[in-house]
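Participant: quick one: sequence and predicted model below, then my questions.
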Amino acid sequence: MSNESPEITNTEAEATTAALTSEQQEQREEQVRLAAYYLWQAKGKNLWSDKDDWFEAEDSVIEDFKD
(Lines give C-alpha, C1' and ligand atoms only; values in the text may rest on other atoms or scores of the structure.)
Protein backbone atom coordinates (compact mmCIF):
# COMPACT_ATOMS: atom_id res chain seq x y z
CA MET A 1 0.00 0.00 0.00
CA SER A 2 1.16 3.48 -0.81
CA ASN A 3 1.23 6.21 1.81
CA GLU A 4 0.70 8.85 -0.84
CA SER A 5 -2.52 10.84 -0.75
CA PRO A 6 -4.82 10.42 -3.73
CA GLU A 7 -4.39 12.98 -6.47
CA ILE A 8 -7.18 15.53 -6.64
CA THR A 9 -8.49 15.78 -10.19
CA ASN A 10 -11.31 18.33 -9.78
CA THR A 11 -10.83 21.91 -8.83
CA GLU A 12 -13.02 23.35 -6.11
CA ALA A 13 -14.99 25.23 -8.77
CA GLU A 14 -15.66 22.05 -10.76
CA ALA A 15 -16.76 20.18 -7.63
CA THR A 16 -19.12 22.98 -6.65
CA THR A 17 -20.56 23.18 -10.16
CA ALA A 18 -21.15 19.42 -10.30
CA ALA A 19 -23.35 19.61 -7.20
CA LEU A 20 -25.64 22.30 -8.64
CA THR A 21 -28.79 21.96 -10.72
CA SER A 22 -28.67 23.32 -14.26
CA GLU A 23 -30.63 26.42 -13.19
CA GLN A 24 -28.22 27.03 -10.33
CA GLN A 25 -25.28 26.53 -12.71
CA GLU A 26 -26.70 29.16 -15.05
CA GLN A 27 -27.21 31.58 -12.16
CA ARG A 28 -23.69 30.93 -10.87
CA GLU A 29 -22.16 31.44 -14.31
CA GLU A 30 -24.05 34.72 -14.73
CA GLN A 31 -22.79 35.87 -11.33
CA VAL A 32 -19.22 34.98 -12.31
CA ARG A 33 -19.61 36.73 -15.66
CA LEU A 34 -20.85 39.93 -14.02
CA ALA A 35 -18.25 39.84 -11.26
CA ALA A 36 -15.46 39.32 -13.81
CA TYR A 37 -16.75 42.23 -15.88
CA TYR A 38 -16.82 44.56 -12.87
CA LEU A 39 -13.34 43.44 -11.81
CA TRP A 40 -12.08 44.10 -15.34
CA GLN A 41 -13.60 47.60 -15.27
CA ALA A 42 -12.25 48.35 -11.79
CA LYS A 43 -8.75 47.30 -12.84
CA GLY A 44 -8.68 49.68 -15.80
CA LYS A 45 -10.05 47.44 -18.57
CA ASN A 46 -6.72 45.68 -19.17
CA LEU A 47 -6.97 43.80 -22.46
CA TRP A 48 -5.03 40.76 -21.19
CA SER A 49 -6.53 40.32 -17.70
CA ASP A 50 -9.65 38.41 -18.70
CA LYS A 51 -8.58 35.01 -17.34
CA ASP A 52 -7.25 36.44 -14.09
CA ASP A 53 -10.45 38.47 -13.63
CA TRP A 54 -12.60 35.39 -14.41
CA PHE A 55 -10.75 33.18 -11.90
CA GLU A 56 -10.89 35.86 -9.21
CA ALA A 57 -14.61 36.31 -9.81
CA GLU A 58 -15.17 32.57 -9.75
CA ASP A 59 -13.38 32.29 -6.39
CA SER A 60 -15.51 35.11 -5.03
CA VAL A 61 -18.77 33.52 -6.19
CA ILE A 62 -17.76 30.12 -4.77
CA GLU A 63 -17.18 31.76 -1.40
CA ASP A 64 -20.70 33.25 -1.58
CA PHE A 65 -22.17 29.80 -2.28
CA LYS A 66 -20.43 28.37 0.79
CA ASP A 67 -22.09 30.89 3.12
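Facilitator: Happy to help now that I have it. Residues are numbered from 1 along each chain as shown.

Participant: and Asp59, helix, strand or coil?
Facilitator: Each residue gets one of three states, and Asp59 gets helix by DSSP: H, G, I helix; E, B strand; the rest coil.

Participant: and the gap between it and Ser22?
Facilitator: Between Asp59 and Ser22 the computed distance is 22 Å (CB to CB, to the nearest Å). To be clear about C-beta, it is placed using only N, CA and C from the backbone, and glycine gets the same treatment.

Participant: looking at these two, which one has more neighbours?
Facilitator: Taking neighbours as other CB atoms under 10 Å, Asp59 and Ser22 compare with Asp59 leading, 13 against 7.

Participant: what pLDDT is listed against the more buried one?
Facilitator: Reported pLDDT at Asp59 in the predicted model: 91.

Participant: any idea how far Ala35 is from it?
Facilitator: 10 Å.

Participant: ditto for Phe55
Facilitator: Taken as CB to CB, the span from Phe55 to Ala35 is 11 Å.

Participant: compare these two (neighbour count), which wins?
Facilitator: A count of neighbours by other CB under 10 Å puts Ala35 above the other of Phe55 and Ala35, at 19 against 15.

Participant: now do the SS call for that one.
Facilitator: From three-state DSSP, the assignment for Ala35 is helix.

Participant: tell me the contacts of it?
Facilitator: Going by CB atoms under 8 Å, 6 or more residues apart in numbering, Ala35 touches Ala57, Ser60, Val61.

Participant: how about Val32?
Facilitator: Trp54, Ala57, Glu58, Val61 are the contacts of Val32 under CB under 8 Å, 6+ apart.

Participant: same question for Glu23.
Facilitator: Glu23 touches nothing, counting by CB under 8 Å, 6+ apart.

Participant: element containing it, please.
Facilitator: helix 22-42 (DSSP states H and E).

Participant: now do the SS call for Asp52.
Facilitator: Strictly by three-state DSSP, Asp52 counts as helix.

Participant: that one: neighbouring residues, count only.
Facilitator: 14.

Participant: and the gap between it and Gln41?
Facilitator: Taking CB to CB, one finds Asp52 at 14 Å from Gln41.
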